[in-house]
Every structure is written in structure tokens, then in C-alpha cells.
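Novice: sequence first, then the predicted structure:
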Amino acid sequence: MQSAENAKKLVIKVTAGADAPERCSQAFTVAAVAVASGVEVSLWLTGESAWFALPGRAAEFELPHAAPLPELIDSVLAAGSITLCTQCAARRDITEKDVLDGVRIAGAQVFVSEIMADGVQALVY
């Protein structure tokens with residue numbers, strides 16, 4: 001397994017939302033710190049984190065002693081990418097017209113192609 005220092009790209013899949021706030025916050029925090037460190041980041045929203053692809057939803061998330069989720073999302077979108085899982089979006093009736101600017105909707109095939117590329121480190125929260 002390759003170390004994060006050698007990775008050219010970091011792909012982070014977050015499966016948790018308000019149902020597991022600490023795990024959710026950790027994923028967004030790691031993504032934002034990686035972007036700030038100059039790492040190419042692709043953040044995938046799956047499961048309950050899918051809701052954070054919608055405008056205003058991140059502002060409803062609260063976790064003591066954690067960076068505000070809207071700021072973390074803005075950081076990632078500024079220099080990285082955020083993808084909403086196709087099936088997760090469909091199960092929640094979320095469409096491309098509903099999501100934040102800069103968020104794409106894509107499926108498992110795209111995720112697998114991202115994580116299998118050379119120089120990629122994948123993390124799942």
C-alpha cells in the first residue's frame with residue numbers, strides 16, 4: 001500500500017452524515033486539509049452524506065469543536081472535486097439541478113476508475 005505522501009491524488013468516500021457526525025466531519029476535514037496541502041482531492045458523497053450536496057444542508061450540520069461543514073465543502077470545491085453517488089442521489093430524489101454548483105453526479109464505474117489510477121490513495125469514512 002502506498003503512503004499518502006507519495007499519492008498524487010486522494011479519493012475520499014464519505015458514507016456518513018448527521019447519523020454519524022464525527023465520522024462525517026473527519027472525512028470533510030481530511031479532504032479540506034489535503035486540498036490546502038496541495039493534494040488533488042476527489043470527495044465522494046454516499047449514503048447519508050448525499051444530503052450535503054444540496055444547498056443549505058451543510059449549514060444544518062453541527063458538531064462541537066469541528067470546522068463548519070459549509071466552509072470545508074467550499075474549500076474542497078475551490079481546488080478539488082465533489083461527486084454525489086448516482087444511486088444515493090436517486091434514492092433521495094436528488095437531481096443534477098438540485099445540487100450545489102460544482103458538484104457532479106456519477107456512479108460506481110467512475111469511482112472505481114478514479115481509485116484504480118496510478119498514484120491514488122483512497123480513504124473511506
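Specialist: Great, that's in hand. Small disclaimer: the values here were computed from a predicted structure and weren't measured.
Novice: please name the nearest non-neighbouring residue to E62.
Specialist: P21 (7.7 Å; CB to CB, 6 or more residues apart in numbering). (C-beta placed from N, C-alpha, C; glycine too.)
Novice: the one you found against P64, yeah?
Specialist: No. The pair P21 and P64 fails to qualify as a contact (CB atoms under 8 Å) at a distance of 9.4 Å.
Novice: and those two? which has more neighbours close in?
Specialist: P21 (16 against 5; other CB atoms under 10 Å).
Novice: what sits against V30?
Specialist: I12, L123, Y125 (CB atoms under 8 Å, 6 or more residues apart in numbering).
Novice: let's see it at 6 Å
Specialist: With contacts defined as CB atoms under 6 Å, 6 or more residues apart in numbering, V30 has no neighbours.
Novice: could you check how far the helix or strand harbouring it is from the centre of its chain?
Specialist: Using DSSP states H and E, V30 sits in helix 21-36. Distance of helix 21-36 from the chain centroid (CA atoms, centre = their mean, to the nearest Å) equals 8 Å.
Novice: and what of stretch 58-67?
Specialist: The answer for stretch 58-67 is 15 Å, by CA atoms, centre = their mean.
Novice: which pLDDT value goes with the spatially most central residue of the chain?
Specialist: Taking CA atoms, centre = their mean, the centroid of the chain lies closest to L43, which sits 2.9 Å from it. Predicted confidence (pLDDT) for L43: 98.
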